[in-house]
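Asker: please work out how this folds:
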Amino acid sequence: MIGIVVALKAEAKGVIEKTSAIEKTTKNGKKIYFGTVGNDDFVLIISGIGKVNAAFSTQYLLDNYPVDYIVNFGSVGAVLGKAETLNYYAVDKCCQYDFDLSALDNVPVGYIQDYDRVYFTPKTDRLSFLPTAALASSDRFTEKASDIKTVSDLNCSLFDMEGGAIAQVCTANDIPYYIFKGITDVHGSGIEQNTFYENLNTVCAGFYDILVKAFGN
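Answerer: Numbers count the residues shown, from 1 in each chain. A predicted model of the protein is given here:
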């Protein structure tokens, strides 16, 4: 069984509709859907935005269903010059750039002591048809120049509010996981709010095809 964690229903809409996934239950207000991709069953949870929601939802799937691996997909922003709007990327490493003990312990930004690392490394073998990029996650919408600099200094091209937390939970549970993302906006490109929502719809429409191509065999 595939465990799928998605922040927003808009991001999962194509998968839910095209697989005729059935909503069977909720947990603490989080909707859960069951369906099939290729020969494999999946359980998909709409986590909500943010690292705590993503971590809780990932652990909930692992604790309650016979999940063989976790898949996370969704929309992200990107650093200008490092990735292109409306393109999709397989995440090959990710971190949490708002986790910062540097002033206390003289460690790098994003360093998590329990795991002795900054970066977690999703699997990419099933997503080899996509270009790869590094992802930085935080519990805030990334738009300030200082945040973008931090993301760039960590050699990351993409930023979101969930991926790094999902990676940490999967690592803690020693379960394989995959992350792929679609870019809705590039910081500094002058994108307007209405264009962002147009891009969001376009990007979300492509997630089903990627999921089937990667995990539908």
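Asker: give the contact list for the spatially most central residue of the chain.
Answerer: For the chain, Gly163 is the residue whose C-alpha lies nearest the centre (C-alpha atoms, centre = their mean; 3.8 Å). Residues near Gly163 by C-beta atoms under 8 Å, 6 or more residues apart in numbering: Ala54, Asn72, Gly74, Val76, Val91, Cys94, Leu135, Ser137, Ile179, Lys181. C-beta: built from backbone N, CA, C; applies to glycine.
Asker: so where do the strands sit in the chain?
Answerer: For the chain, the strands defined by DSSP state E cover 2-6, 22-27, 30-37, 40-46, 69-79, 88-96, 132-137, 158-160, 177-187.
Asker: to Arg117, which of those lies closest?
Answerer: Evaluated with C-beta to C-beta, these place strand 88-96 nearest to Arg117, the distance being 8.6 Å.
Asker: below-threshold pLDDT in the protein: ranges please.
Answerer: Along the chain, segments meeting pLDDT under 70 span 189-194.
Asker: burial check on Val79, number of neighbours?
Answerer: For Val79, the count of nearby residues is 20 (other C-beta atoms under 10 Å).
Asker: repeat for Thr26
Answerer: By the other C-beta under 10 Å criterion, the neighbourhood of Thr26 contains 11 residues.
Asker: that one touches Ile45, doesn't it?
Answerer: No - contact criterion C-beta atoms under 8 Å: Thr26 and Ile45 do not qualify, at 9.6 Å.
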